[in-house]
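Undergrad: can't give you the sequence, but here's the structure:
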């Protein structure tokens with residue numbers, strides 16, 4: 001039986017919305033979901049697109065995203081194996097917000113780098 005939908009409160013430690021935040025706040029999920037907004041992708045294409053992610057981490061993150069209903073894994077039942085991943089409607093509703101965060105990071109990393117350098121310099125005195 002599926003539980004009734006209820007209002008969440010991320011500030012309540014017992015609210016499972018925190019689990020959702022933990023999942024989507026991971027570095028890899030924040031890169032995978034917006035990448036899939038371009039359309040279905042195979043594992044190898046995602047490895048090439050998302051620099052620095054290992055095959056193991058990509059597989060683990062995709063499984064967790066699939067488990068949580070954000071990504072759909074489609075096995076084409078072919079030889080050789082052909083598997084594609086795409087966003088579920090729920091994942092598509094989230095990917096735009098994550099893409100905005102990605103763009104924010106791309107636009108503001110110089111200021112963040114500078115702030116860290118200044119902080120570290122002050123602390124090292």
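TA: It's in. In this text the structure is predicted, and so the values were computed from the model without any measurement.
Undergrad: CA only for contacts and neighbour counts going forward, please
TA: Fine.
Undergrad: which ones are touching residue 58?
TA: Applying Cα atoms under 8 Å, 6 or more residues apart in numbering to residue 58 gives the contacts 28, 43, 47.
Undergrad: check the gap between the last one and residue 58 for me.
TA: Just to be clear, that refers to residue 47. 7 Å (Cα to Cα, to the nearest Å).
Undergrad: show me where pLDDT drops low in this protein?
TA: Applying pLDDT under 70 to the chain picks out residues 1-6.
Undergrad: leaving out chain neighbours, which residue sits closest to the residue positioned nearest the centre of it?
TA: Of all residues in the chain, the one closest to the mean position by Cα atoms, centre = their mean is residue 29, 1.6 Å from it. Nearest non-adjacent residue to residue 29, counting by Cα to Cα, 6 or more residues apart in numbering: residue 61, 6.6 Å away.
Undergrad: count of neighbours near the one you found?
TA: 18 (other Cα atoms under 10 Å).
Undergrad: could you give the separation of stretch 89-104 from the chain centroid?
TA: A distance of 9 Å separates the centroid of the chain from that of stretch 89-104, by Cα atoms, centre = their mean, to the nearest Å.
Undergrad: could I get the buried residue list for it?
TA: Neighbour counts over stretch 89-104 (16 or more other Cα atoms under 10 Å) mark 91-92, 94-95, 98-99 as buried.
Undergrad: now, which of those lie within helices?
TA: Counting by DSSP state H, the buried residues of stretch 89-104 place 91-92, 94-95, 98-99 in helices.
Undergrad: separation between residue 52 and residue 71?
TA: 21 Å.
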